[in-house]
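Trainee: fold the following, please.
(chains A, B, C, D and E, ligands or ions: 5)
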Amino acid sequence: MTSSRKNRLELVGVKKTFEDTFAVSDVSLVLGENEFVSIIGPSGCGKSTLFNMISGLILEDEGEIRIDGAPVKERKGLVSYMYQKDLLLSWLKIIDNVALPLRVKGVSKKAARDEVAGLFETFGLEGFEHKYPHQLSGGMRQRAAMMRTYVYSKDIMLLDEPFGGLDALTKAKMQDWLLGVNSALEASILFITHDIEEAIYLSDRIYLMSDRPSTIKEEIVVDLPRPRNRDMMVSETFTQLKKKLLHSF
Amino acid sequence: MTSSRKNRLELVGVKKTFEDTFAVSDVSLVLGENEFVSIIGPSGCGKSTLFNMISGLILEDEGEIRIDGAPVKERKGLVSYMYQKDLLLSWLKIIDNVALPLRVKGVSKKAARDEVAGLFETFGLEGFEHKYPHQLSGGMRQRAAMMRTYVYSKDIMLLDEPFGGLDALTKAKMQDWLLGVNSALEASILFITHDIEEAIYLSDRIYLMSDRPSTIKEEIVVDLPRPRNRDMMVSETFTQLKKKLLHSF
Amino acid sequence: MMKKSANTGKWPAAVFLAALTALWELSVKAGWVDAFTLPAPTSVLKALITELPGLRSHIWITLQEAGVGFLAAIGFSIALALLMDFVPLVKKGLYPILVLSQTVPIIVLAPLFGMWFGFGMTPKIVIVMLVCFFPIIVSLLDGLEAADPDELHLIEGMGAGQFQQFRWVKFPGALVNLFSGIRIAATYSIMGAVIGEWLGGTGGLGVYMLRVRHSFALDKMFAAILIVVVLSIAVFKAIDLLQKILMPWSADREN
Amino acid sequence: MMKKSANTGKWPAAVFLAALTALWELSVKAGWVDAFTLPAPTSVLKALITELPGLRSHIWITLQEAGVGFLAAIGFSIALALLMDFVPLVKKGLYPILVLSQTVPIIVLAPLFGMWFGFGMTPKIVIVMLVCFFPIIVSLLDGLEAADPDELHLIEGMGAGQFQQFRWVKFPGALVNLFSGIRIAATYSIMGAVIGEWLGGTGGLGVYMLRVRHSFALDKMFAAILIVVVLSIAVFKAIDLLQKILMPWSADREN
Amino acid sequence: GCQQTAPEEAGDGAQGPSAEPEKVTVVLDWVPNTNHTGLYVAQDLGFYEEAGLDVEIIQPAEGGSASLIAAGQGEFGISYQEEITYARTAAEPLPVKAIAAIIQHNTSGFASPVEKGIVTPKDFEGKKYGGWGSPAEVAVLSGLMAKEGADFTKLEMVDLGALDFFAATQNHVDFTWIYYGWDGIAAEVNEVPINFILLQDFEENLDFYTPVIIAKEDTLSARPELVEKFLAATSKGYEYAMENPEEAVKSLLKAAPEVDEKIAVASQIYLADQYQADASQWGIMDLQIWSNYAGWMFENGLIESELDAEGAFTNDFLPKK
Ligand SMILES: Nc1ncnc2c1ncn2[C@@H]1O[C@H](COP(=O)(O)OP(=O)(O)OP(=O)(O)O)[C@@H](O)[C@H]1O
Ligand SMILES: Nc1ncnc2c1ncn2[C@@H]1O[C@H](COP(=O)(O)OP(=O)(O)OP(=O)(O)O)[C@@H](O)[C@H]1O
Ligand SMILES: O=C([O-])O
Ligand SMILES: [Mg+2]
Ligand SMILES: [Mg+2]
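Mentor: Ligands and ions are numbered 1, 2, ... in the order given. Model prediction:
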């Protein structure tokens, strides 16, 4: 743990088994206030499972999950969570999918639509507000899901491979947008990705997970100053970190 | 076009509009015999739409799609196609999902299972043969879909972001497996990816698509010898190509 | 997509029906069947035309009973499904009773209905409801249960309570099933009213049928059946239309 | 997941039913309703016990009719749905006729059925089929139509013909709907046989009910209703079990 | 005229056991009851078998057997005069005829619990009648009341559907139309005192035959021996029932054990005197009764054409006495 940040989220010795699949074996990690932390690990090691447990969708078998220092049993709705699948509801237009968190809060259809309409340009989805999900490309759906997560943003955010289906340019745009959001909202973000450069560019720290049954294999602190910019990606520190991560894998 | 390969697949002036979305405007491309060609382009530009037209699921508005030199109207079943979505059938176990192309051909359940069982190790899915799709992680589902596509391999293959959800190590393994398959099967492969390094490492040529309404903006020939190996990724040619591609984007 | 070949309009049904009707007419006219066991379509049509003025009031009564009962059944089913979905205990307690309510032949209950609800429109409406609500609620509950757990988690994660989950995920996802149920029920609605009238009443198509049957006027009886059929099919078609309007995303899907 | 709270077993239904029955007994015993309009549960039970030996042969007849008719309806519906799904022309031609067949009240047709089919088992089986096949085929067709176009494309791309598409994608995807329909039909099966027996015959629960009603033996009549209810619920339960066995992936989903 | 001689001797074994018994289906008018006892006696005591007949008795849907018999679903049916009148005057007339009257006089009428004080049609004024909503009921009630100088408009009529007399008069109505031979007897057995108004006591045209045995015209012309054999054996059955009501009812209860024994026995004793009553022979019918009732129906607009009363029934197949 760097510095003297307050811990927003803590996992202590968390374990999870599905029937005969021993998925997560003893994971402990922390996410500090206004911190950006990435998780990297092999496919199927249990990253999404960790998120499901943090958000309260499934119960840990053992261990403890603490929010703001205290173990919270009923965690649903305390964090905002962007799933690995886009999970857009097929019966709602994109704009209504994005506005859904507001509608759930009780905002009227019109007000909710008005509130989210401005986001579509930022996400490169202008003109697709009134399409249904099946009329969008994979990457567009992913961005729509990201928008929806942002609309529901709590100050702890869990993002599961949010930019996995995007091209380099769109991805870069989204990353920079996210960095801006992070400092503006003062959110604490836990981020799953398979893209090592992305992890370094965005994070304060990176957890490296082992294969199933998974543990935290290594914790890497990213010593790049904030605010970040793309020029840092050719800096010595960046290249070193990248090598280290590739090696540790 | 390099060399004197025969053209397996040709697109000439293909166009496609969905209602008010002008998706593909005039795309022409070729895929030669036993060639590996990648398509790179911004999210939502129409890459998957191209694949849907080639495989005959949707009809082009204008232009022509030729297989082995002749325009073919009824193209269903002529190519093997791995969709961007994994599309595993929720009512079949993973092994039966993978064996599905054999079952459709009329192979018995037992024989089909026997035939595909050996693949599970290669794809890192051993032990998950008898799970249902919802019990797998995102990356595992993607690999299962890849297996299924391989089981149905025709000599023209369309792969839509097959390794998008995989970590660096697994992805590398899958890429090398695919290179091996390609030379063994003498297949012609059209490959969509957002990963520039992946495109260079695997391809003979790369098409760069523009944003919607999309055209082919550039065609890049990859002058790396075959068989490929990972050391080539630090070669001068590779780095140059990568720069060029990042720049053209 | 591309599958527009099926779009051949309504003529196959029409042709098939016309052929059937012609065969029927022929059989009666040729004397293969006796006119007192099956009247010829032309006699039925003639009876329909001469009787229609007198039938108007009967039709109106039946339509009212069927309409009120059917709408009540839809409302009741949705409300009950909501309740059953919210409170699993209610579902467990009530589901067997619902099934039970359908296994008792209505005609057996007829005398009891008379005792409980009197002899006006009420018992007929109750019978229509009883016949109609069951397919609706069974289909709807099955649809609600088939909701995607991931989608439910998603919205739960947004702090949605039970009602919000129902409103945004379960109910829209179960609309296909709901409409299956409603379509089945629609078909039964007019018939339910007729059965109700059959069991005692002063007007309506059921009463009319009983009377003409009593005097062996099979042609008039079939004319009344024809009206029941036409009315029922009209309701059925209205449901189809409603589904297209209420489920734009799936209509859209066809493109 | 986590939602095990609903798993409270069968007691809510039992408790609810017991409460209802107790109230009923009380109302009769306290004289709020007359015993000849509604017999007390205890009298019904007594009647059931004394009548059961004599009822055996009636039950057996009814069960045979209902069983044969119900199974025939399932087979017929699946075969017809397959045909209608394959040949859109058949669907267009036949669907309206199926709807039509349901809108005609069976009781109205009763005398005609007697005239056409006589008094053997055949007309009863025909009636059970007629009552049962409709919910099954409507639900099944709706389910088949709701198939995911992407999944259909996938398997078409593997060279699957119409039958293979049906076998691997449409039918498994429509199983929830099929079971909704079968569950509704199961509920109607015994009742259908009873109604059929009313139309004329020499045995079966329907014949029995009419006879005891004529003798003002309401307790025996209710005993017979009780048997109908129990039989129907048994069929209903069997369907539930079958669904669990045939759809392991969705049972699994609950974990 | 009926001069066939051969069938006359057929009864006593002339046919021999070698001949296959002839299959005969009898369709009742409703559930088995004491009106049908003669049939069950003939079946149970072997009268039919002796006549070379294998008889099956069918319980049909409510509403009679005329159309079933016309359609050939059975050789003989139980019906009633009103139904045959309607059937033969329909636009597509049904080819059925009455061949025997089971009960000589109409035993139906209006019943009410004694405390309602309804003893003549005059008392119907201001009361509530529960029926099934047929035009015939209106005609009968208005006719009877008119004769007694009562105001028909002061009678309220409601439709009871399937509600029985006891349930109906308990809460809903003041009087209903019943068959004395069953519902009336049931009231006696249950010790519910009632007032009963016999129709023909106030309007002689309403003394009609109910129930009657019917057959299709084809059967009568093509298989007269069968009809005679059947009626001969059936007569024997009813004659036995007249003499030994308490024995006869056992045959009914054996075939239909669901029937209430107490009511059945009492009803049987009552009917023993009613089957033949004042007639010369069981089953015989009088043209006067057929034409009276049909005339009354026509006058009241219940049938659209006049009935040829002579064609509606025949006594020709009854055993010669
Ligand atoms: N509902 C479930 N039932 C059974 N097993 C499950 C379930 N969910 C996850 N698993 C198993 O748990 C393990 C971890 O899955 P998880 O989805 O957390 O992986 P992941 O790290 O997110 O992988 P990926 O990078 O591919 O998304 C896998 O082996 C998976 O099969
Ligand atoms: N069925 C459809 N109906 C309407 N519009 C569609 C449909 N399919 C695709 N589109 C539109 O066509 C365009 C191209 O979509 P496509 O899926 O081909 O993009 P893509 O290049 O594969 O993007 P990605 O990299 O995000 O997967 C998008 O704007 C999309 O909205
Ligand atoms: O009562 C019937 O549903 O047929
Ligand atoms: Mg994951
Ligand atoms: Mg795509």
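
Trainee: what number of residues lie near the residue in the stretch 51-200 of chain C that ligand 3 sits nearest to?
Mentor: Closest to ligand 3 within the stretch 51-200 of chain C is residue C:106: 4.9 Å, counting by C-beta to the nearest ligand atom. Heads up, the C-betas are built off the backbone N, CA and C, glycines and all. The number of residues packed near residue C:106 is 21, by other C-beta atoms under 10 Å in any protein chain shown.

Trainee: how close does it get to chain E?
Mentor: Using C-beta to the nearest C-beta, to the nearest Å, residue C:106 is found at 11 Å from chain E.

Trainee: pretty sure that residue sits against residue C:129.
Mentor: No: between residue C:106 and residue C:129 no contact is recorded; they are 11.3 Å apart, counting by C-beta atoms under 8 Å.

Trainee: residue ranges of the strands in chain A, please?
Mentor: A:7-18, A:21-32, A:36-40, A:62-67, A:70-71, A:80-82, A:156-160, A:188-192, A:205-209, A:216-221 (DSSP state E).

Trainee: the second one vs strand A:216-221, what angle?
Mentor: This points to strand A:21-32. In terms of direction (axes from the mean of the first three to the mean of the last three C-alpha atoms, to 10 degrees), strand A:21-32 departs from strand A:216-221 by 20 degrees.

Trainee: strand A:21-32 close to ligand 1?
Mentor: Yes: applying C-beta under 6 Å from any ligand atom, one finds strand A:21-32 touching ligand 1 at A:21, A:23.

Trainee: who are the packing partners of that strand?
Mentor: Packing partners of strand A:21-32 (3 or more C-beta pairs under 8 Å, 6 or more residues apart in numbering or on different chains; DSSP states H and E): strand A:7-18, strand A:36-40, helix A:47-54, strand A:62-67, strand A:188-192, strand A:216-221.

Trainee: of all the ones you listed, which one comes closest to ligand 4?
Mentor: Between ligand 4 and the helices and strands packed on strand A:21-32, the tightest spacing by C-beta to the ion is seen for helix A:47-54, at 3.1 Å.

Trainee: now for the chain, the helix or strand with the poorest mean pLDDT.
Mentor: Picking chain A for this. Here the helix or strand of chain A ranked lowest by mean pLDDT, DSSP states H and E is strand A:70-71, holding a mean of 88.

Trainee: what's in contact with that strand?
Mentor: For strand A:70-71, the surrounding residues in contact (C-beta atoms under 8 Å, 6 or more residues apart in numbering or on different chains) are A:64, A:65.

Trainee: neighbours of the residue in the stretch 51-200 of chain E that chain B sits nearest to, how many?
Mentor: Here the stretch 51-200 of chain E gets closest to chain B at one residue, residue E:61, 45.9 Å apart by C-beta to the nearest C-beta. By the measure other C-beta under 10 Å, the count of residues near residue E:61 is 20.

Trainee: same question for residue C:159.
Mentor: Count around residue C:159 with other C-beta under 10 Å applied: 15.

Trainee: so who does the residue nearest to it when sequence neighbours are not counted touch?
Mentor: Computed as C-beta to C-beta, 6 or more residues apart in numbering or on different chains, the closest residue to residue C:159 that is not its neighbour in sequence is residue A:77, at 3.6 Å. Each residue near residue A:77 by C-beta under 8 Å, 6+ apart is listed here: C:156, C:157, C:158, C:159.
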